[in-house]
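**Student:** got a predicted model here, sequence first, then my questions.
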Amino acid sequence: MSQHIAIYARVSSKKQDTRSQQADLDQWILAFAKDHPIKWYKDKFTGKTMDRPGWKRLEADMTAGKVSKVVVWRMDRLGRTASGLTALFEDFQRLGVGFESLKDKVDLSTAAGRLLANVLASVSAYENEVRSERVLAGQHAARAAGKTWGGSEKGRRLTVTDEQIATVRRMQTDGESKAAMARATGLSRPTVYSILAAK
């Protein structure tokens, strides 16, 4: 049976696109896989579940023995839970499917690579949990102070920290939505737009 290399790209919502990931993935194909059959699988779906249409098609092809290797832009494009990623790495090993994450430099064919993959999976899950906790804590604090959502008083200048700016830009690189950036940083969407426009 002929096999192909599976290129998987994911963003979290329908308002986003995979272009930022696709440029690096296209370069990888040209450099390392231009003579191999390639098949793209894409999702616009949250990483908190593995039940995604594009991923399900890829999973079926792996089980059928049609996939020799899975390549992603970054490991968290596969998913955001440590348990989900760890189980997935075990599936790759069991099915004899190679795996490469361009940004994480992970190679599951070595013991060190498998260890690194599991560490990165745990870190990704931890960052996601911390981000969620920070958003909830900020909302509770704002409510306790009597603040409401929906923008700031007209003419008032907002103070934006370097950490908030870094978070917004990192999330943009990750393909997150503007609404998600606003929630994660406690900033309004107009402020998020102004930060991105100032790049």
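**Tutor:** Looks like it came in fine. Numbering: from 1, shown residues only.

**Student:** endpoints of stretch 49-68, how far apart?
**Tutor:** According to CA to CA, to the nearest Å, stretch 49-68 extends 24 Å from its N-terminal end residue to its C-terminal end residue.

**Student:** check which residues of it are buried.
**Tutor:** Residues of stretch 49-68 classed as buried under the neighbour-count rule (16 or more other CB atoms under 10 Å) are 50, 52, 54, 55, 57, 58, 59, 61, 62, 66, 67, 68. The C-beta positions use only the backbone N, C-alpha and C, and glycine is treated the same way.

**Student:** beyond the helix or strand hosting residue 182, next helix or strand please.
**Tutor:** Applying DSSP states H and E as the criterion places residue 182 in helix 178-185. Scanning forward in sequence from helix 178-185, with DSSP H and E defining helices and strands, the next element found is helix 189-197.

**Student:** only C-alpha atoms, please: export that next one in PDB.
**Tutor:** Output of helix 189-197 as PDB, limited to C-alpha atoms (Å, rounded to 0.1, in the frame of the first residue of the first chain):
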ATOM      1  CA  ARG A 189     -10.600  44.100  21.700                       C
ATOM      2  CA  PRO A 190      -9.900  47.600  20.400                       C
ATOM      3  CA  THR A 191      -6.800  47.600  22.600                       C
ATOM      4  CA  VAL A 192      -5.700  44.200  21.200                       C
ATOM      5  CA  TYR A 193      -6.200  45.600  17.700                       C
ATOM      6  CA  SER A 194      -4.100  48.600  18.500                       C
ATOM      7  CA  ILE A 195      -1.200  46.400  19.900                       C
ATOM      8  CA  LEU A 196      -1.200  44.300  16.700                       C
ATOM      9  CA  ALA A 197      -1.400  47.300  14.500                       C
END
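
**Student:** other residues contacting it?
**Tutor:** Residues outside helix 189-197 that contact it (CB atoms under 8 Å, 6 or more residues apart in numbering) are 151, 158, 160, 164-165, 168-169, 172, 178-179, 181-182, 185, 187.

**Student:** same thing with stretch 41-54?
**Tutor:** With contacts defined as CB under 8 Å, 6+ apart, stretch 41-54 is touched by 6-14, 16, 18, 55, 57-58, 76-81, 84, 88, 128.

**Student:** picking up where we left off before, can you flag which of the buried residues of stretch 49-68 belong to strands?
**Tutor:** Taking DSSP state E, the ones among the buried residues of stretch 49-68 that sit in strands are 67, 68.

**Student:** now, which of the buried residues of stretch 49-68 lie within helices?
**Tutor:** The helices, defined by DSSP state H, take in 54, 55, 57, 58, 59, 61, 62 from the buried residues of stretch 49-68.
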